[in-house]
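Engineer: below is the structure, and that's it, no one-letter string:
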């Protein structure tokens, strides 16, 4: 059994930050669960465009307020506590945080922790990652 | 893109209850994500022994207070907001809710929604489920 505490991990190298977001990696590929699990915080007033071409991701809003736009359809959905979105079609999307958003995120395949967002908003597939 | 709201699903058949717990299935196997995602609420004062022999599960505490005992080692861990446990060894465990616990749970392989807890605390593997 693995037991980890977000409030301890957030001050370690399992906490990764980029432009106006932070992600604490509670579970990564090497934990062997077949998915990774992250607590991701997006700064109030920030906007993010992501496109996970090689991953499925679900995102559950625990606190905050914002919106998500599906860039294929143009449809926008409100994000508030209790709302989940799942990128079952690898949907390119723009996420906006009106207030700070705290989200529980699952990735399949699991993130290794070595990915960086590429210019197109994606993470590389596992086979393209190098040590 | 799938968008679902816990506060709407909790009054539908995606909300499943058993002895002193409730689980709202935000994502199930037929959503095609490769994992399922549930918001599970355990009543204050309740105790639960589970043994997912055929699934990996991670459980992140969003609110409440309790403890988990790994029945193989006898070790007990405090459960409070921010703490996650992951049953990477299909660990048989007892979960106690001192206060109502609200947990974000991921299962791999994904739960189909047709499982019931068997006497041994497990869910059947997918191949044993029948329509």
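Structural biologist: Here it is on my side, so go on. What you are looking at is a predicted structure, and each value in this text was computed from that prediction instead of being measured.

Engineer: the lowest-mean-pLDDT helix or strand in chain A pairs with which strands, parallel or anti?
Structural biologist: The helix or strand of chain A with the lowest confidence, counting by mean pLDDT, DSSP states H and E, is strand A:15-18 at a mean of 91. The strands beside strand A:15-18 in its sheet (DSSP bridges) come out as strand A:21-27 (antiparallel).

Engineer: sorry, back to before: contacts for the least confident helix or strand of chain A?
Structural biologist: Strand A:15-18 has contacts (C-beta atoms under 8 Å, 6 or more residues apart in numbering or on different chains) with A:9, A:22-25, A:113, A:116-117. For the C-beta atoms, the positions are set from N, CA and C on the backbone; glycine is no exception.

Engineer: for stretch A:59-68, same thing?
Structural biologist: Outside stretch A:59-68, the residues that reach it (C-beta under 8 Å, 6+ apart) are A:40, A:42, A:44, A:76-87, A:93-105, B:1, B:3, B:6, B:26, B:37, B:39, B:62, B:104.

Engineer: mind listing the helices for chain A?
Structural biologist: Using DSSP state H, the helices found in chain A span residues A:6-9.

Engineer: quick check on the contacts of stretch A:59-68: which are buried?
Structural biologist: Among the contacts of stretch A:59-68, the ones that count as buried by 16 or more other C-beta atoms under 10 Å in any protein chain shown are A:40, A:42, A:77, A:79-87, A:93, A:95-97, A:101-105, B:1, B:6, B:26, B:37, B:39, B:62, B:104.

Engineer: and the gap between residue A:4 and chain B?
Structural biologist: 5 Å (C-beta to the nearest C-beta, to the nearest Å).

Engineer: kindly report the same for residue A:42.
Structural biologist: 17 Å.

Engineer: wait, that residue touches residue A:103, no?
Structural biologist: Yes: using C-beta atoms under 8 Å, residue A:42 is in contact with residue A:103, at 7.3 Å.

Engineer: now tabulate the contacts of strand A:15-18 in JSON lines and tack on distance to residue B:53, neighbour count and pLDDT.
Structural biologist: Formatted as JSON lines, the contacts of strand A:15-18 follow (distance: C-beta to C-beta, whole Å; neighbours: other C-beta atoms under 10 Å in any protein chain shown; pLDDT from 0 to 100):
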{"residue": "A:9", "distance to residue B:53": "29", "neighbour count": "17", "pLDDT": "96"}
{"residue": "A:22", "distance to residue B:53": "36", "neighbour count": "16", "pLDDT": "95"}
{"residue": "A:23", "distance to residue B:53": "31", "neighbour count": "19", "pLDDT": "96"}
{"residue": "A:24", "distance to residue B:53": "30", "neighbour count": "22", "pLDDT": "97"}
{"residue": "A:25", "distance to residue B:53": "27", "neighbour count": "25", "pLDDT": "97"}
{"residue": "A:113", "distance to residue B:53": "29", "neighbour count": "16", "pLDDT": "86"}
{"residue": "A:116", "distance to residue B:53": "37", "neighbour count": "9", "pLDDT": "71"}
{"residue": "A:117", "distance to residue B:53": "38", "neighbour count": "17", "pLDDT": "70"}
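
Engineer: what bridges to the nearest residue to residue A:49 once chain neighbours are set aside?
Structural biologist: Nearest non-adjacent residue to residue A:49, counting by C-beta to C-beta, 6 or more residues apart in numbering or on different chains: residue A:94, 4.7 Å away. Counting by DSSP bridges, residue A:94 is bridged to residue A:49, residue A:69.
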